[in-house]
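> sharing a model prediction with you, sequence too.
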Amino acid sequence: MLSSGPHFMRLAASGCLGSSRSIATIISGKEMSKLLRERLKKEVQKMTSEFSGFKPGLLVLQVGDRDDSNLYISTKLKAAAQIGIDAKHVRLPNTATQHEVLQSIMSVNENRSIHGLIVQLPLDSVNAIDTELIINAVSPEKDVDGLTCINAGKLSRGELNDCFLPCTPRGCMELIRHTGVTVAGSSAVVIGRSKIVGAPMHDLLLWNHATVTTCHSKTRDLPEQVSRADILVVGAGKAEMIRGEWLKEGAVVIDCGINHIPDPTKESGKRVVGDVHYASASQRAGFITPVPGGVGPMTVAMLMENTVQSTRRFLKHD
Ligand code: NAP
Ligand code: L37
């Protein structure tokens, strides 16, 4: 675990001094991810000098041209370059057929200099493409997003040391560990059950021995479920949906949401908020992640971690 440092900040108590309410400690994913990337850089430097010029290889496959995907991919490529990972970006046009996407994946699967392959989701295509089929075409040994049925199945059965963990939940777990709060025996609530965030987060908390409740759009009384959580992870895609008043006092609140809302005071006319109403939640939570600067940067760092992990395995078996 990382020792407490600049990535822990007490929220400024201006206007709240003397209040009996707790003020959350901010967990900075931005700072934590910086430390992780520095550690990975050192490890990659060692690999490169030991195996004369060898570099871990990552390929990001994109279909189409979504603005959000473009932004996330450029962040991933920058992080990789800084660490010494040889990252390539392949963008297929939105007219690409399912067959063409599958062919690209097959050729990367066979390319020995690429240790990690991710297909940036969602696919942006004019054709009917089966996302599940595409994801499962990725070789499980190179599936650094941890989204193939093989890796997801292993995670759901608790085989945590024999699979790739999806980047966002893995990042959330690191953030939770960093608080020092004990996961085993705790009551954890996950909002959302998607394959990329909610479902693997549930599994990861469960196999770290929390008692887990997963909520979704049909959950009847969300405030009631949220109020039971010692640890709350939210990935619903609904701006500021979780209100501070719902929280158990002192809870760990991890906000995966990335939502753009109108803000006339900003030059762009909009700003990014999470799925948690930060102002009210930070009055009750014990620990909270900000948006931006929380889970997002950890997702990127975990992709780098998974790529280095994959490279280590390939070197071992070569
Ligand atoms: P998704 O595929 O749309 O899934 C959303 C989940 O939330 C679904 O399971 C849905 O339930 C549930 N949900 C929606 N409205 C709800 C409500 N009112 N009450 C309770 N549950 C509700 O989204 P996703 O891909 O998991 O992403 C979720 C959020 O995380 C988005 O804001 C996304 O941008 C963000 N994200 C962030 C990162 C990062 O690195 N920070 C990475 C990935 C995603 P049903 O299953 O019943 O439909
Ligand atoms: N690995 N991640 C992987 N595979 C995918 O298929 N879709 C997807 C995925 N998601 C993803 O890349 N998400 C993501 C989300 C946010 C950031 C990075 C990746 C990020 O860097 N967020 C910043 C900036 C947010 C903003 O201004 O929009 C943050 O601080 O949260």
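That came in fine, so what should we check first? Ligands and ions are numbered 1, 2, ... in the order given.
> going forward, measure contacts between C-alpha atoms and count neighbours the same way
Noted.
> please enumerate the strands of the stretch 201-318 of the chain.
Secondary structure of the stretch 201-318 of the chain (DSSP state E, counting those that start in this stretch): strands located at 211-215, 231-234, 252-255, 259-262, 270-273, 287-288.
> using a markdown table, lay out those together with mean neighbour count.
Converted to a markdown table, these look like this (neighbours: other C-alpha atoms under 10 Å):
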| stretch | mean neighbour count |
| --- | --- |
| strand 211-215 | 19 |
| strand 231-234 | 28 |
| strand 252-255 | 28 |
| strand 259-262 | 14 |
| strand 270-273 | 16 |
| strand 287-288 | 28 |
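> which stretch among these comes nearest T95?
Distance to T95, taken as C-alpha to C-alpha, is lowest for strand 259-262 among the strands of the stretch 201-318 of the chain, at 27.6 Å.
> show me what from this structure comes close to ligand 2.
Residues of the chain lying near ligand 2 by C-alpha under 6 Å from any ligand atom: 72, 119-121, 145, 167, 291-297, 299-300.
> so what touches stretch 118-134?
The contact list for stretch 118-134, computed with C-alpha atoms under 8 Å, 6 or more residues apart in numbering, reads 59-66, 69, 73, 93-98, 101-102, 135, 138, 143-145.
> could you check how far C256 is from V233?
Going from C256 to V233 by C-alpha to C-alpha, to the nearest Å gives 7 Å.
> export the strands of the stretch 201-318 of the chain to a markdown table and tack on mean pLDDT?
What follows is the strands of the stretch 201-318 of the chain, written out as a markdown table (pLDDT from 0 to 100):
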| stretch | mean pLDDT |
| --- | --- |
| strand 211-215 | 99 |
| strand 231-234 | 99 |
| strand 252-255 | 98 |
| strand 259-262 | 97 |
| strand 270-273 | 97 |
| strand 287-288 | 98 |
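> narrow the residues of the chain next to ligand 2 to those in helices?
If you go by DSSP state H, the residues of the chain next to ligand 2 have 72, 167, 295-297, 299-300 in helices.
> D263: how many residues sit nearby?
The number of residues packed near D263 is 12, by other C-alpha atoms under 10 Å.
> how about R313?
R313: 13 neighbours (other C-alpha under 10 Å).
> show the average pLDDT along the strand or helix carrying L36.
Element membership for L36 (DSSP states H and E) is helix 29-50. Mean pLDDT, helix 29-50: 97.
> which strands and helices lie in contact with the helix or strand just after it?
Per DSSP H and E, the first helix or strand lying C-terminal to helix 29-50 is strand 57-63. Contacts defined by 3 or more C-alpha pairs under 8 Å, 6 or more residues apart in numbering; DSSP states H and E place strand 57-63 against strand 86-92, strand 116-119, helix 295-317.
> need the winner for burial among the ones you listed.
Mean neighbours per residue, mean count of other C-alpha atoms under 10 Å, is largest over those for strand 116-119, with a mean of 24.
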